[in-house]
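Engineer: Turn this into a structure:
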Amino acid sequence: MFATLDLDIRPGSGIGMFELGTSLWAVIDILRGLQHLFPQVEVKFDPEDSATTPVILHLRPHLDLLFSGYHQRLHTICVRKLREPHPPVMLRYKDTIISSSAEPLVRVHVSRTFGPTYPGDELKYPGIWFSFDDDNVNEGFKGGITHLEQRTQEVKRIFIRQKSVDGEERDALDEVLPCPIMHGDISSAVIKIHDGVDFSFFSSTLLLQVRIGETTAQDLTIDLGPPSRVHHKEDERMTIHSPNLQASEDDGSTDYFYNYFHHGVDFLISDQTHVVRKIIIHSNMPGSPLFQRYKRCPWQLEGKPEDDEDDSPPRKHFYDKFETIRRFLSPGEMLPSMLLDRTDEYDNITLPNSSTRLYGYDGVILEVNEASQVVTVMLF
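Structural biologist: Predicted coordinates for the structure are as follows:
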């Protein structure tokens, strides 16, 4: 026996527990707690360009969620197989049931509920439209159909998107417009080597400047709120590469991390001074070992200005390939790299692409996957 999936439709806003503009990280986090409702979740993306590929979550059998490529925000919701009984789905609009397994939604009921709209194979309204095509099978309006047959055409799919601000239909690959659900999330992070990171936020003029060697743990708590987790640094394996190995082994350091999973950022903090020592920014690349551990933080790596009057120094972005960023940081020869396997610390876990490479530059380390995409930036 399946429980009925009871969902309220909000044109231009969302459906049920899903709100347009929500991050991919947040939606998958929600789904982890709803496995009784959505036991089958399939993630689809283009592995050749996972930095900017739109991501689709198939919540079988009724929901498809499309996320934008750059900011990974919920862009479009598709409701389908309205009469599939496993589980049955019930749709409400303004507290009125408009579709159920016992009462299918037809064209005339849509018109009665939502009012008149422009003619066409689909009934389109601001923020929502109704399709009479069942996936790849064209069952929409055809020439010669009678008026009665047209009135009783059954809705096969419902699409929910943001309402257009100018009346023009928005492209499926457009980024999501800023909306209330995004308030307080990081909109950009400008990385300044040997300095720190400037964070900007949606719906805010605040510019948060986190400086290595200056910003304290208390500052982070005040500006970003309490961290998702405080994790004491236990992995000292990289100290073997330190030029001062003895000092590294004898200092007894118990530095700790502030992990902000919901912002895609970690801060390593000194246990002695409680100031920030390192900043780690995550790209949340689909298919990478760290996918969905952190939300995507849309970072930009800032270079040196050409002169003192240059107000717009050059930058590279999270979606640029490593080769481009490498030449930006060091135009000379390719530096040697270290191999990192993210599954080494776990037993009985295998990933198709578990290995990444670490490339060190003056003041920054880049972790790069097999597709030549930078999955993390470590600033120190």
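Engineer: list the contacts for the closest residue to Lys321 other than its chain neighbours?
Structural biologist: Residue nearest to Lys321 in three dimensions, not counting chain neighbours: Ser372, with 4.9 Å by C-beta to C-beta, 6 or more residues apart in numbering. Glycine gets a C-beta too; all of them are placed from N, C-alpha and C. By C-beta atoms under 8 Å, 6 or more residues apart in numbering, Ser372 lies in contact with Lys321, Phe322, Glu323.
Engineer: per-residue pLDDT, Ser372?
Structural biologist: Turning to Ser372, the model gives it a pLDDT of 92.
Engineer: again with Gln246
Structural biologist: 48.
Engineer: Repeat that for the one 3 residues further on.
Structural biologist: pLDDT for Glu249: 46.
Engineer: Likewise for Pro289?
Structural biologist: On the pLDDT scale, Pro289 is placed at 83.
Engineer: Just give the number of residues close to it.
Structural biologist: For Pro289, the neighbour count with other C-beta atoms under 10 Å is 20.
Engineer: Quick check: closest non-adjacent residue to it.
Structural biologist: Leaving out its chain neighbours, the residue that sits closest to Pro289 by C-beta to C-beta, 6+ apart is Arg342, at 3.5 Å.
Engineer: just Leu268 next, same as before
Structural biologist: That would be Lys278: by C-beta to C-beta, 6+ apart, it lies 3.9 Å from Leu268.
Engineer: How about Val43?
Structural biologist: Counting by C-beta to C-beta, 6+ apart, Leu57 is the residue found nearest to Val43 once chain neighbours are left out, at 6.1 Å.
Engineer: That neighbour: what's it in contact with?
Structural biologist: Listed by C-beta under 8 Å, 6+ apart, the contact set of Leu57 reads Leu24, Val27, Ile28, Leu31, Val41, Glu42, Val43, Lys44, Leu63, Asp64, Leu65, Phe67.
Engineer: From the residues you listed, list just the buried residues.
Structural biologist: Neighbour-count burial (16 or more other C-beta atoms under 10 Å) is assigned, among the contacts of Leu57, to Leu24, Val27, Ile28, Leu31, Val41, Leu63, Asp64, Leu65, Phe67.
Engineer: what stretches of the chain score poorly on pLDDT?
Structural biologist: Within the chain, the segments meeting pLDDT under 70 span 1-2, 135-147, 167-170, 172, 234-253, 307-308, 310, 343-353.
Engineer: where exactly do the helices run in it?
Structural biologist: With DSSP state H, the ranges of helices along the chain come out as 24-32, 107-114, 147-151, 217-224, 245-250, 322-329.
Engineer: mind checking which of those is nearest Lys295?
Structural biologist: Minimum separation from Lys295 across those (C-beta to C-beta) falls at helix 24-32, 3.6 Å.
Engineer: got the contact list for the closest one?
Structural biologist: Applying C-beta under 8 Å, 6+ apart, the contact partners of helix 24-32 are 17-18, 38, 41, 55, 57, 59, 65, 67, 72-74, 261-262, 264, 284, 292, 294-296.
Engineer: Out of those residues, name the ones that lie in strands.
Structural biologist: Counted as lying in strands by DSSP state E, out of those, are Phe18, Val41, Val55, Leu57, Leu59, Leu65, Phe67, Leu74.
Engineer: which residues does Leu20 contact?
Structural biologist: Going by C-beta under 8 Å, 6+ apart, Leu20 touches 12-14, 73-75, 77, 160-162, 176, 179, 181.
Engineer: okay if I get those as a markdown table plus neighbour count?
Structural biologist: Output for the contacts of Leu20, formatted as a markdown table (neighbours: other C-beta atoms under 10 Å):
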| residue | neighbour count |
| --- | --- |
| Gly12 | 15 |
| Ser13 | 20 |
| Gly14 | 22 |
| Arg73 | 24 |
| Leu74 | 26 |
| His75 | 25 |
| Ile77 | 25 |
| Ile160 | 21 |
| Arg161 | 24 |
| Gln162 | 21 |
| Val176 | 23 |
| Cys179 | 18 |
| Ile181 | 19 |
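Engineer: If we only consider those residues, which is nearest to Thr376?
Structural biologist: Arg73 (20.9 Å).
Engineer: Not counting its neighbours along the chain, what's nearest that closest one?
Structural biologist: Leaving aside its sequence neighbours, Arg73 sits nearest to Val176 (C-beta to C-beta, 6+ apart; 4.0 Å).
Engineer: The one you found and Leu123: what is the separation?
Structural biologist: Relative to Leu123, Val176 is positioned 24 Å away (C-beta to C-beta, to the nearest Å).
Engineer: I'd like to know which of the contacts of Leu20 is nearest to Pro87.
Structural biologist: Ile77 (17.4 Å).
Engineer: quick one: the closest one from Pro11, how far?
Structural biologist: Distance, Ile77 to Pro11, by C-beta to C-beta: 11 Å.
Engineer: ok so, going back, just send the contacts of Ser372 back as a markdown table, with neighbour count and distance to Ser203 too.
Structural biologist: Formatted as a markdown table, the contacts of Ser372 follow (neighbours: other C-beta atoms under 10 Å; distance: C-beta to C-beta, whole Å):
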| residue | neighbour count | distance to Ser203 |
| --- | --- | --- |
| Lys321 | 15 | 31 |
| Phe322 | 18 | 33 |
| Glu323 | 11 | 35 |
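Engineer: Closest one to Thr221 out of those, please.
Structural biologist: Nearest to Thr221 out of those is Phe322 (C-beta to C-beta; 33.9 Å).
Engineer: isn't that closest one right up against Glu367?
Structural biologist: No - the pair Phe322 / Glu367 is not scored as a contact, 9.8 Å apart, by C-beta atoms under 8 Å.
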